[in-house]
Structures are given as structure tokens and as C-alpha cells.
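Student: Structure, please.
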Amino acid sequence: MEKRKKTKELSEDLRSKIVRKRGQSQGYKSISKELNVPVSTMRSVIKKFKAHGTVANLPRCGRKRKLDERFQRKIVRMVDNELRLTSKQVQAALQSEGTTVSTRTIRRRLNEKGLYGRIPFL
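Tutor: Numbers count the residues shown, from 1 in each chain. Sure, this is the predicted structure:
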């Protein structure tokens, strides 16, 4: 199965222009040609505006990450300074600072950054 190409979102400024022009009773096709945006995209922007009253990005579904970028960088720095550090040792260091994170989460974040093999030795 082929992966779909990820499309870029329209800027908030462009979406507000679409809504403003539509509010001035301009047609879909004329706005589409003027702003170089597909008619179907314009319709969905206007439909969203009518439903929610805003053109801003709404919150998406899915759980928020427990570790923000700052903590991820901190974990990577800890491992870069001491290469033989295990995920349990990183967990203990973070817990002493007041952050509770599982070892599996630490390994996942390190794997994302290209650092592998942080399983505790037996």
C-alpha cells in the first residue's frame, strides 16, 4: 500500500482571506483563481469557519507526549556524556529531579535520536 503524501496546511492568514472574501459575496471560483487555492479546499475552510467560528488550528486527537523537547535533549546529553548509561540509570537521574518516566519511553526517545542499546545489563 502506498503512503499518502502529507500536504501542507494553509496559513491562518490565507484562511482568513478566504472567509473574508466569501463574506463579501464573492464566488468560490473567483476566490479560488485569485488566491490560487483549490475550490474543495476553500469549501472545507468555510465549512470549518461556519461550524467553529474560527479559522485557527483546532486541537488534534492523540495523547500528548510526556517528555517535551527540552527533556529529550537533556536525556540525549546525559547519554552522550556517559555512553554506557542504561535506561534505568537515566530513569533514576530524572526521578531524582522530580520527573517520572518509564525506561521504555526513554529507550524510544533515544532510538528516535539514533541512540540504541540502552537495555540494562543482566
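
Student: mind checking which helix or strand V76 is in?
Tutor: helix 69-81 (DSSP states H and E).

Student: hmm, I was thinking of R20
Tutor: helix 12-23.

Student: about what we covered before: can you name the next helix or strand after the helix holding V76?
Tutor: helix 87-96.

Student: Sort out which residues of that following helix are buried, please.
Tutor: Residues S87, Q89, V90, Q91, L94 are the ones in helix 87-96 that count as buried (16 or more other CB atoms under 10 Å). Quick note: C-beta positions are derived from backbone N, CA and C, even for glycine.

Student: Now render those as a markdown table, adding pLDDT and distance to K21.
Tutor: A markdown table is the format used below for the buried residues of helix 87-96 (pLDDT from 0 to 100; distance: CB to CB, whole Å):
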| residue | pLDDT | distance to K21 |
| --- | --- | --- |
| S87 | 89 | 54 |
| Q89 | 91 | 59 |
| V90 | 91 | 53 |
| Q91 | 93 | 54 |
| L94 | 91 | 51 |
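
Student: Show me what stretch 58-74 is in contact with.
Tutor: For stretch 58-74, the external contacting residues (CB atoms under 8 Å, 6 or more residues apart in numbering) are H52, I75, L94, T99, V101, T105, R109, E112, K113.

Student: give the contact list for the nearest residue to the fifth one once chain neighbours are set aside.
Tutor: So that's V101. The shortest distance from V101 to any non-neighbouring residue, by CB to CB, 6 or more residues apart in numbering, is to L94 (5.6 Å). For L94, the contact set (CB under 8 Å, 6+ apart) comprises F71, I75, T100, V101, I106.

Student: any idea how far L58 is from A93?
Tutor: 37 Å (CB to CB, to the nearest Å).

Student: cool, Q72 as well?
Tutor: Distance of Q72 to A93, given as CB to CB: 14 Å.
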